[in-house]
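1. here you go, sequence then predicted model.
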Amino acid sequence: MAEVVIVPDRAAAGALVADAIAELIRTRPDAVLGLATGSTPLPVYEALRDRLAGVDVSRVRGFALDEYVGIDADHPESYASVITREVVEPLGLDPSLIQTPPAHDEDLAGAGDRYEAAIRAAGGIDVQILGIGTDGHIGFNEPGSSFASRTRVKTLTAQTRADNARFFDSVDEVPRHCLTQGLGTILEAGHLVLLAFGEGKAEAVAEAVEGPLTASIPGSAIQLHPHVTVVVDEAAASRLKFADYYRESYDNKPEWQGI
């Protein structure tokens, strides 16, 4: 079972996860981070700014979960641009060590295999930050994705495009395709940290954590991983059947265990 931590708000979630990542980097300066985009992980990246002040981050490596196909790499909403703007520059990371899926390469058919090879060459991802879509997707693994899937091109659902339209002038500008790490790729990370906030994510969180293991809810794949931390606010936790147990378990866990 995933460890579920219910926090008061986004800031508390960001602080909790940033503490764990900062400790990882202090103990392993060449740590490999799995980076999510969107609004959900922003509190983590914001909290890391203070926690990494004075810490040597010159060897930290990172791999983004996904990238849009069909927009320029320098488009402000390409994930290459987002990661640079929200993670690399604020945290002072070496941009040459941070990669996004090569969705803009001329050889798109082989791009997924090249990204997989790059992750393997780095020794794998130590901690993977995840959000979850309202339909239960993680990364851009839409409902129906295989739990064994690897990095590949996926077609985005109408719901995902509508959810992401807030970052564009209209839904028509949201790309229809992406290059995303697969569920099988994600499950190879050492530690998965899934964050969710707001009542709109409550059903997806409950299905991912407590529902049946099903490709219809790609997020349920986290149940297959031995080290998962789900950090949610009260609203996102509102449909969890065992919320009281999660609170009791976290309140009474040994401090040395961390998350």
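-> Structure received. Just so it is clear, the model here is predicted, and its values are computed rather than measured.
2. touching, residue 6 and residue 235? I think so.
-> No - with contact defined as C-beta atoms under 8 Å, residue 6 does not count as touching residue 235 (10.1 Å). No exception for glycine: its C-beta is placed from N, CA and C like everyone else's.
3. show me where the stretch 1-150 of the chain has strands.
-> Secondary structure of the stretch 1-150 of the chain (DSSP state E, counting those that start in this stretch): strands located at 3-7, 32-35, 61-64, 66-69, 98-99, 127-130.
4. residue 137 touches residue 149, doesn't it?
-> No - contact criterion C-beta under 8 Å: residue 137 and residue 149 do not qualify, at 11.9 Å.
5. please say which of the two ends up with more neighbours.
-> residue 137 (27 against 22; other C-beta atoms under 10 Å).
6. show me what contacts the more buried one?
-> Applying C-beta atoms under 8 Å, 6 or more residues apart in numbering, we find residue 137 in contact with 143, 145, 157, 160, 218-219.
7. circling back to that earlier point, more neighbours, residue 6 and residue 235?
-> Between residue 6 and residue 235, counted using other C-beta under 10 Å, residue 6 has the larger neighbour count: 20 against 16.
8. what about the closest residue to that one other than its chain neighbours, is that helix, strand or coil?
-> Excluding the flanking residues, the one nearest residue 6 by C-beta to C-beta, 6 or more residues apart in numbering is residue 237, at 4.7 Å. Secondary structure, DSSP: H, G, I helix; E, B strand; the rest coil: residue 237 is coil.
9. residue 7 is in contact with residue 237, correct?
-> No - the criterion here is C-beta under 8 Å, and residue 237 misses it with residue 7 at 9.0 Å.
10. which one's more surrounded, the two?
-> Using other C-beta under 10 Å, the more surrounded residue of residue 237 and residue 7 is residue 237, with 25 against 21.
11. in terms of pLDDT, where does that one sit?
-> With respect to pLDDT, residue 237 scores 98.
12. that one and residue 84: what is the separation?
-> Plainly put, residue 237 is 33 Å away from residue 84 if you go by C-beta to C-beta, to the nearest Å.
13. how about the helix or strand bottoming out on mean pLDDT in the chain: buried residues?
-> The weakest-scoring helix or strand in the chain, judged by mean pLDDT, DSSP states H and E, is helix 158-164 (a mean of 91). Residues 160-161, 163-164 are the ones in helix 158-164 that count as buried (16 or more other C-beta atoms under 10 Å).
14. what does stretch 233-246 give?
-> 233, 235-240, 243, 246.
15. same question for stretch 59-72.
-> Within stretch 59-72, judged by 16+ other C-beta under 10 Å, the buried ones are 60-69, 71.
16. in JSON lines: the residues you listed, plus distance to residue 179.
-> As requested, these are exported to JSON lines (distance: C-beta to C-beta, whole Å):
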{"residue": "60", "distance to residue 179": "23"}
{"residue": "61", "distance to residue 179": "19"}
{"residue": "62", "distance to residue 179": "16"}
{"residue": "63", "distance to residue 179": "12"}
{"residue": "64", "distance to residue 179": "10"}
{"residue": "65", "distance to residue 179": "10"}
{"residue": "66", "distance to residue 179": "7"}
{"residue": "67", "distance to residue 179": "5"}
{"residue": "68", "distance to residue 179": "8"}
{"residue": "69", "distance to residue 179": "6"}
{"residue": "71", "distance to residue 179": "12"}
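17. so which of those residues is the closest to residue 117?
-> Among the buried residues of stretch 59-72, residue 63 lies closest to residue 117 (C-beta to C-beta), at 11.7 Å.
18. so that closest one makes contact with residue 34?
-> Yes - in this structure, residue 63 is within contact of residue 34 by C-beta under 8 Å, at 5.8 Å.
19. which residues are common contacts for these two?
-> 125, 181.
20. list the contacts of the residue nearest to residue 6.
-> Here residue 237 is in contact with 4, 6, 202, 205, 243, 246 (C-beta under 8 Å, 6+ apart).
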